[in-house]
Structures are given as C-alpha cells and as structure tokens.
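S.K.: Here's a sequence, model it:
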Amino acid sequence: MVLSRFWLTIFISSIAFVIVSLCVGNSYTIDNVLNGKKDDPILISEKYLEQAPKFVKDSIKKAPEQTMVIDRDTLNADTTYIYKAKTVKIYSGIQKSDGLLPTCKNTLVDLILPLIAYLAFFCGLMQLLIISGASEKLAKALSPVFVKVFPSIPKDHPSISYMTLNFAANFLGLDSAATPFGLKAMESLQEINPEKDKASDAQIMFMCLHASGLTLIATSIIGYRAAANATNPADVMLPCIITSFIGTIAAFLIVGIKQKINFKSASLVVALMGLIAAIVGLLMYVNQLDLIGKNVFTSNLSAIILVVIIAFTLIFSFIKEKKFAEAKTTVFEAFVSGANDGVKTGVTIFPYVLGMLVAISLFRNSGLFEIISNWIAFGFSNMGVSKEITDALPVALLRPFSSAGSRGFLIDSMNTFGADSMTGRLSSIFQCSAESTFYVIAVYFGSVNIKNTRYALGTMLVVDLICVITAIFVASWFF
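M.R.: Residues are numbered from 1 along each chain as shown. I've put the predicted structure just below:
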C-alpha cells in the first residue's frame, strides 16, 4: 500500500510539474521527457535566423550546406546552436537520464535480459544444491543463529541456505549472484507465508538486512576511483565497511524491536561477535598490504569465492549423483530445470521493475528531483554543513531510487572536484553504503507477488538515512 501510494505520488507530481513548467515557459518542450536519452543536449529554444545572436548569423554565412553547429567547448559556454531548415535550435545542459520510452526499452534490454541470464545460471546451481542435499546441510549448520533472527522460520528450512548465500554474495560484492540467491530466498519464504499478498516478518527482516548492503569488497567503487585517477583507489574501503555495517546493525535493531526478537540470545551474540572479528581480521590484513597488493586482493577475492562456490556445487553434485537418480533426473537436467525457474522469475519481476524505473525516469527528467535536492542541500548549508558535504548529497539522495543515476553523480563529482577530494570520497561512501531501495522492493516483493509490504519501505528508508549520516561522520573522521 505504501509503495503503491509513493509510486503514484512520484508519477502524478512529476507529470503535474512538467505540464506547469511548459505552461509558464520554464520548459520549451517536453519531448525529452518522453523520448530523450541520457547525456543528450536539451532543447531550450528555437528562433528564426534573424532573431539569433549576431555571431551566430555571421558564422552561418560561412557554414557549409547552411548547417552549422557551434560546439559549447568552442565557445566555453553551456550552449549549443544548430542552424538547419531555416531555424536555429538552441540547446543547453544535458539530460540526466533516459526518457520514459527509452527507459522502457532499456529496462528490458539492458537490465531484465542480463538479469534473466544471471537468474537462469544461479537458479540452476541452486537446484543442484537442493537435490544434492548441500543446502540442507548448510541450513542445519546455521539454524541455531537463524531461528533467533527469523523465529517464524522452521528449523533447517531451505530458505536459511538461500539467505546465507545471498548475504555472502553481498558481503563479497558479487551482485550478479546476490540477486538470484535473494530471489530464491524470497520464494522459499513465501512458501511458509500464511498471507500470500502480505509480507511476512521473515521476509521483511531479510529484505531490510539485504538492503542495508553490508559489503567487504567494494570492487566497483574502487574501479570508478581508479578510473578517476585516485591516488589510492581503495582508501574508502574501510569507511564503506564501517558505514554499511552500522546500517546493517540499525536495520537488524529496528526490525528486531518491531518483531520482538530476543537480542540476548547467546548464539546471536556469538554470531555477531564472530562477524565483527572476521571483518576486523580482514581489514587488518588488507591494511598491511601495499597499493598493488590491495588492488590485487580486492579484485581477485570475490572472483575466487564465486569460482569456489560453482566448483563446490558441481563436485558435490557429482559425488551425490545417486540422489539425482533417486529424484529421477540427472545433474544436467536438474540444472536446466532450475535455470528454467530462473527465467520464469525474471519474466515475473519485469513489470514491477519497469513500473518503478519509468516513474524514477519521469521524476528525474521533470526537474522536480533536482529542485528537491537543491533545497535539501541549501538547508544543510544553512545549518553549517560544509560545501564539500552538500556537493556530495545528490549521490545520497538518488541512491535509494537508482543505482545507475547515483553512479552518474558519483563519477561527475569525482571529475568535478577530484577523486581525492572530500566530496569525491564521500560520494563513493554514499554509493556503496546501501542498496537501491525502491528497485530492491520492486524486484524482491514483485517476484512473489506481494502487494502489502507493511513497514518494509519505511524501515529501509530510515536505514538509508542512518547510512547517510554515518557516512558523513565517518568520512569527516577519516579524511
């Protein structure tokens, strides 16, 4: 219900803002909102040649074929003039994201189709883990902890192993594997959900922990910083871990209090202390490496872990081949069956993802998001917050809506202010400290056709805010 109303609010307010802007003359055309593409110049006016500035008219006389483009870099200005077919079109600024119709196309081509491929492969592996009995052994080993965090889940339930693999993939920065494992976990949790159109306590806890984005190896962030010529691309790794860890703890406490979880459980305390010890140990190891060593470690660890998971699944399945025979199938046929389920899941979530991304596209291109973010930055600056911090806020504000959009702001901030500036580093921490809340909600709850997400969205947004505040303090402390 909350998500539906929020979606409607974004759509209706964006459309109203676009129409008002066109009527009052703030916008010349709304075609870019519908058909424009990211980074395209925006048409702001069109004049007859006689109405154009004198330097434009003089240049057109010398232009071949009566067609002229005055590049903005040539003029050292943010304006481009194009003369063609007896009129001069004036462009200024660039489009922040794809328009509504290109977003529809790109959601399918660039997002859903690759996602279906990942889902097919990893769901095929999951089917092997299920039939071979590996997932059952993993669930039994972790049941003492998970039954405390998820008291509504039966002991040794298959969802425990799926959630474990999802958390592990997130922790290691394996985004392509995390989503298939997470969707399989949601499907498994849905099987024991008494109200099929309403999110269960276990599903909400899983979603909030997943969305808090605890990550050890922020490989993509390190790559962006390296491309931006950062002196030490991995110097934000520790702040990213601290920020995402605090976000995860906050999500656990908020949902746990709501669900009346016993935080004094010995197994829960031991598991938490073990996680903290593992993080500290890995940080100490990475910290003593030189720059090249850090880059090699961060780029290879995640890949090695993924290869090990795949190899273990296949080898264990081969060893337990009798179980496949008992199930009247083979290892390969079981893989194909699981992959087929993954394809069906991808098709199911497509409308949910499409609806959310189209709304976000309209919200950004209408100009409403930019006005809201500018006012928020203005409010922070009046509170005494430094300009270095307010310049990074667009990344934090857009992160819950769009990972690709906030990534664009991140790259722009590093190019504008420098990768080693406070703004560039803080933007990097914002980018890796949490998931894209609205995308995650659409994908995960949409995959199991849940309409009532209860307090999941509100909790995830509160955790996003906690991560933003934590990132500011951690970045100020470190840099």
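
S.K.: mind checking pLDDT for the nearest residue to residue 44 once chain neighbours are set aside?
M.R.: Spatial nearest neighbour of residue 44, excluding adjacent residues (C-beta to C-beta, 6 or more residues apart in numbering): residue 92 at 4.8 Å. For glycine as for every other residue, the C-beta is placed from the backbone atoms N, C-alpha and C. Note on residue 92: pLDDT of 79.

S.K.: State the three-state secondary structure for residue 92.
M.R.: Following DSSP: H, G, I helix; E, B strand; the rest coil, residue 92 is assigned to strand.

S.K.: Likewise for residue 42?
M.R.: Using three-state DSSP, the structure places residue 42 in strand.

S.K.: how deep is it tucked in, by neighbour count?
M.R.: 19 (other C-beta atoms under 10 Å).

S.K.: who are the neighbours in contact with it?
M.R.: Going by C-beta atoms under 8 Å, 6 or more residues apart in numbering, residue 42 touches 32, 36, 91, 92, 93, 94, 95.

S.K.: Recalculate using a threshold of 7 Å.
M.R.: 32, 91, 92, 93, 94, 95 (C-beta atoms under 7 Å, 6 or more residues apart in numbering).

S.K.: export these to TSV and tack on distance to residue 198 and neighbour count?
M.R.: Formatted as TSV, the contacts of residue 42 follow (distance: C-beta to C-beta, whole Å; neighbours: other C-beta atoms under 10 Å):
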residue	distance to residue 198	neighbour count
32	40	18
91	49	18
92	48	14
93	44	13
94	43	13
95	39	18
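
S.K.: how near is residue 121 to residue 313?
M.R.: To residue 313, residue 121 is 11 Å away according to C-beta to C-beta, to the nearest Å.

S.K.: which one of those two has more residues nearby?
M.R.: For residue 121 versus residue 313, neighbours defined as other C-beta under 10 Å are more numerous around residue 313 (22 against 18).

S.K.: Could I get the phi/psi values of the more buried one?
M.R.: The phi/psi pair for residue 313 (degrees, to the nearest 10) reads phi -60, psi -50.

S.K.: Surely it touches residue 125?
M.R.: Yes: here residue 313 reaches residue 125: they are 5.0 Å apart, a contact under C-beta atoms under 7 Å.

S.K.: what packs against the longest helix belonging to the chain?
M.R.: Identified as the longest helix of the chain according to DSSP state H is helix 331-365. Secondary-structure packing of helix 331-365 (3 or more C-beta pairs under 7 Å, 6 or more residues apart in numbering; DSSP states H and E): helix 2-24, helix 31-35, helix 100-106, helix 113-132, helix 321-326, helix 437-447.

S.K.: make it 8 Å
M.R.: Here helix 331-365 touches helix 2-24, helix 31-35, helix 100-106, helix 113-132, helix 175-191, helix 291-319, helix 321-326, helix 437-447, going by 3 or more C-beta pairs under 8 Å, 6 or more residues apart in numbering; DSSP states H and E.

S.K.: Same list (those) but as JSON lines, adding mean pLDDT and distance to residue 242.
M.R.: Listed next are those as JSON lines, based on pLDDT from 0 to 100; distance: least, C-beta to C-beta, whole Å:
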{"stretch": "helix 2-24", "mean pLDDT": "84", "distance to residue 242": "30"}
{"stretch": "helix 31-35", "mean pLDDT": "86", "distance to residue 242": "40"}
{"stretch": "helix 100-106", "mean pLDDT": "88", "distance to residue 242": "34"}
{"stretch": "helix 113-132", "mean pLDDT": "87", "distance to residue 242": "29"}
{"stretch": "helix 175-191", "mean pLDDT": "86", "distance to residue 242": "21"}
{"stretch": "helix 291-319", "mean pLDDT": "79", "distance to residue 242": "16"}
{"stretch": "helix 321-326", "mean pLDDT": "90", "distance to residue 242": "43"}
{"stretch": "helix 437-447", "mean pLDDT": "88", "distance to residue 242": "20"}
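
S.K.: Figure out which of those helices is closest to residue 254.
M.R.: helix 437-447 (14.1 Å; C-beta to C-beta).

S.K.: Averaging pLDDT per element, find the lowest-scoring helix or strand in the protein.
M.R.: Lowest on mean pLDDT, DSSP states H and E among the helices and strands of the chain sits helix 72-75, with a mean of 46.

S.K.: That concludes my questions; thank you for your assistance.
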